[in-house]
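Engineer: I would like to see how this sequence folds:
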Amino acid sequence: MRSQLVFNTAPLRAADWVVLAGFGALLLAAEETRRWSLRRHRPGSQKEGER
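Structural biologist: Model prediction:
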């Protein structure tokens, strides 16, 4: 591609994509765990059936 020549870059290999996808999934899981923990331990929070 012309942009690869201009910016002196190379295409990503399949192994690179696997590492990037795995890292993204890890970040998503960490953030969702953090949010779950905050909701669970919030003072005054109600359990699901006690609304």
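
Engineer: longest single helix anywhere in the protein?
Structural biologist: Taking DSSP state H as the criterion, the chain has its longest helix at helix 14-40.

Engineer: Could you list the buried residues of that one?
Structural biologist: Along helix 14-40, no position meets the burial threshold by neighbour count (16 or more other CB atoms under 10 Å). C-betas here are computed from N, CA, C, even on glycine.

Engineer: so how far is that helix off the chain centroid?
Structural biologist: 4 Å (CA atoms, centre = their mean, to the nearest Å).

Engineer: Kindly report the same for stretch 9-28.
Structural biologist: 12 Å.

Engineer: what sits up against it?
Structural biologist: 3-4 (CB atoms under 8 Å, 6 or more residues apart in numbering).

Engineer: Please work out the average pLDDT along that stretch.
Structural biologist: The pLDDT scores in stretch 9-28 average 97.

Engineer: Put the alpha carbons of it into PDB.
Structural biologist: Extracted C-alpha coordinates of stretch 9-28, given in PDB (Å, rounded to 0.1, in the frame of the first residue of the first chain):
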ATOM      1  CA  THR A   9       5.500   0.700   8.100                       C
ATOM      2  CA  ALA A  10       4.800  -3.000   7.600                       C
ATOM      3  CA  PRO A  11       1.500  -5.000   7.800                       C
ATOM      4  CA  LEU A  12       0.800  -6.800  11.100                       C
ATOM      5  CA  ARG A  13       1.200 -10.600  11.200                       C
ATOM      6  CA  ALA A  14      -1.500 -12.900  12.500                       C
ATOM      7  CA  ALA A  15       0.500 -13.400  15.800                       C
ATOM      8  CA  ASP A  16       0.500  -9.600  16.300                       C
ATOM      9  CA  TRP A  17      -3.300  -9.500  15.900                       C
ATOM     10  CA  VAL A  18      -3.700 -12.400  18.400                       C
ATOM     11  CA  VAL A  19      -1.600 -10.500  21.000                       C
ATOM     12  CA  LEU A  20      -3.500  -7.300  20.400                       C
ATOM     13  CA  ALA A  21      -6.900  -9.000  20.600                       C
ATOM     14  CA  GLY A  22      -5.900 -10.800  23.800                       C
ATOM     15  CA  PHE A  23      -4.700  -7.600  25.400                       C
ATOM     16  CA  GLY A  24      -7.900  -5.900  24.500                       C
ATOM     17  CA  ALA A  25     -10.000  -8.700  26.000                       C
ATOM     18  CA  LEU A  26      -7.900  -8.600  29.200                       C
ATOM     19  CA  LEU A  27      -8.500  -4.900  29.600                       C
ATOM     20  CA  LEU A  28     -12.200  -5.300  29.000                       C
END
